[in-house]
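[1] Fold the following, please.
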Amino acid sequence: MLTAVSSAAQPLGLYTGMAVTQAQALAPDLMLLDADPAADAEALEKLAVWSQRRYSPIVALDPPDGLMLDISGAAHPYGGTAGLLADILQRLADVETAARAICAPTYGAAHALARFGGEALRIVDPSGLAAAISALPLGSLRLAADTTEKLRVLGIETIGELEAMPRASLALRFGSEPGRRLDQAYGRLAEPFEPVEAPSRIEVERRFAEPIAAPETMARYTHKLVDDLCRDLEEVGLGARRLDLRFHRIDNAVEAIRAGLARASRDRKQIGRLLCDRIETVDPGFGIERMVLCAPVIEPLGLRAMSSLGERPVPEVSALVDILASRLGEERLYRIAARESHIPERSAARIAPMADPTLLRWPERWPRPARLFPRPELIETMALLPDHPPVHFVWRGMRRRVVRADGPERIYGEWHLSEAEWLSVRDYFLVEDETGARYWLFRQGDGVDAATGRQDWFLHGLFG
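    Here you go, the predicted structure:
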């Protein structure tokens, strides 16, 4: 029997559950591979651990081919939920794995839309939850096969039709399972799940005889967990780069805090402050019975040379970077580093705040503006060809007279990237107007050969 069918085989009429002999009759040259459920389960678990380290502290298996990620508060490094889902799909596509990514207010709805919906990426708003799942077939509710078949005999084919049935008669005839699955899909009933546990990560936990709920109590035990975690990190000589603090509530729900560090650390004070700053985002519900702190990403600690010869100490800013990243978002903190390119807008890149220094440097012979526009802005000028600076120019509706100028600095296109840049030329000028403001202008083309550019002028940056 076929347990999985590729996208290339589906147009031939093949489907999951078809007998192999029937499939071979439809496609004599069909390639058949033996199913290996054990290997599939192992691969799914590895994918879950990878997802937990990269996307969310709460990831659960949804066998045989799915993962459940609770991305509450974890999507901002990717620009929001859509960016996180797109990143998942792209990275899986890079390793030739087709997937669907659905974000919904409930686990049941996300499960149903991912397997029975027609979209590869979808975000369901809470107000549109009922409309999103009402037309899905009964098989998407994870009911027992015999229950689904009995409901179909009665003419009930979709979730919406089942939702419209009287609940008392439904429970009397089919038991509590259909009602429970409906309540889970519509968000009326919580659905517990157990997050995966990475086999090699360092983890500590605290269990409470009586549930806790006060923020100050959670903060106190957070510091105790940090002490335990740092003690374990010291034993293996490593530092944490990412921390996940999970709060297991008595109603089986799980709240989580994720904090990242600019560089590996086991500084108790620094880690405790990062986690406690976000405790106010945790909803304790009716109480928390267990707290778990783990370090999913650990690295060797960097060594720093120390001297007693009166040298000025190098300031340590990693703690400040961690605080700003926690409050503003990791994606908003970066450094500008040089890139291997002669084109000004391509010669800079964003790197992590605490990334190692790069060996590339910008050219020192010609000055570069303090503010470089992402795209050069078209201006109106008057200039003598082929290599004179403009006499004046009009930018953003204001006319500016040039009193001083330096240039041209000729920059050629990067011919190895595209044929369009083979002959392109830019002549840059540093000019100063009557108010003392300085600008970085360039002419597209060398002023002689029309093939090198259209002779248009652009403003590309400002000095000071």
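
[2] Enumerate the helices of the protein by residue range, in sequence order.
    20-26, 37-54, 81-94, 107-116, 129-133, 145-153, 159-163, 167-174, 177-186, 215-236, 268-276, 318-328 (DSSP state H).

[3] roughly how far out does the helix or strand of the chain with the lowest mean pLDDT sit from the chain middle?
    Each helix and strand of the chain was given a mean pLDDT (mean pLDDT, DSSP states H and E); the minimum falls on helix 318-328 at a mean of 74. A distance of 18 Å separates the centroid of the chain from that of helix 318-328, by C-alpha atoms, centre = their mean, to the nearest Å.

[4] Likewise for stretch 395-414?
    Worked out by C-alpha atoms, centre = their mean, stretch 395-414 lies 40 Å from the chain centre.

[5] Give me the contacts around that stretch.
    Contacting residues not belonging to stretch 395-414 are listed as 341-344, 346, 366, 377, 379, 387, 389-394, 420-435, 437, 439, 442-443, 446, 459 [C-beta atoms under 8 Å, 6 or more residues apart in numbering]. All C-beta spots, glycine's among them, are computed from the backbone N, C-alpha and C.

[6] just for the stretch 301-450 of the chain, where's the confidence low?
    Residues of the stretch 301-450 of the chain that meet the criterion pLDDT under 70 lie in 302-316, 326, 362-364, 417, 419-420.

[7] can we see that at 80?
    Applying pLDDT under 80 to the stretch 301-450 of the chain picks out residues 301-333, 338-342, 346, 348-349, 352-366, 385-386, 414-423, 446-450.

[8] And the strands in it, which stretches?
    Using DSSP state E, counting those that start in this stretch, the strands of the stretch 301-450 of the chain run over 335-338, 348-351, 371-383, 390-395, 398-412, 425-433, 438-444.

[9] would a markdown table of these with mean neighbour count and distance to residue 85 be doable?
    Putting the strands of the stretch 301-450 of the chain into a markdown table (neighbours: other C-beta atoms under 10 Å; distance: least, C-beta to C-beta, whole Å) gives the following:
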| stretch | mean neighbour count | distance to residue 85 |
| --- | --- | --- |
| strand 335-338 | 14 | 28 |
| strand 348-351 | 14 | 23 |
| strand 371-383 | 14 | 26 |
| strand 390-395 | 17 | 41 |
| strand 398-412 | 15 | 40 |
| strand 425-433 | 21 | 39 |
| strand 438-444 | 23 | 40 |
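
[10] Throw these into JSON lines and include distance to residue 71, thanks.
    Listed next are the strands of the stretch 301-450 of the chain as JSON lines, based on distance: least, C-beta to C-beta, whole Å:
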{"stretch": "strand 335-338", "distance to residue 71": "28"}
{"stretch": "strand 348-351", "distance to residue 71": "24"}
{"stretch": "strand 371-383", "distance to residue 71": "30"}
{"stretch": "strand 390-395", "distance to residue 71": "44"}
{"stretch": "strand 398-412", "distance to residue 71": "44"}
{"stretch": "strand 425-433", "distance to residue 71": "44"}
{"stretch": "strand 438-444", "distance to residue 71": "43"}
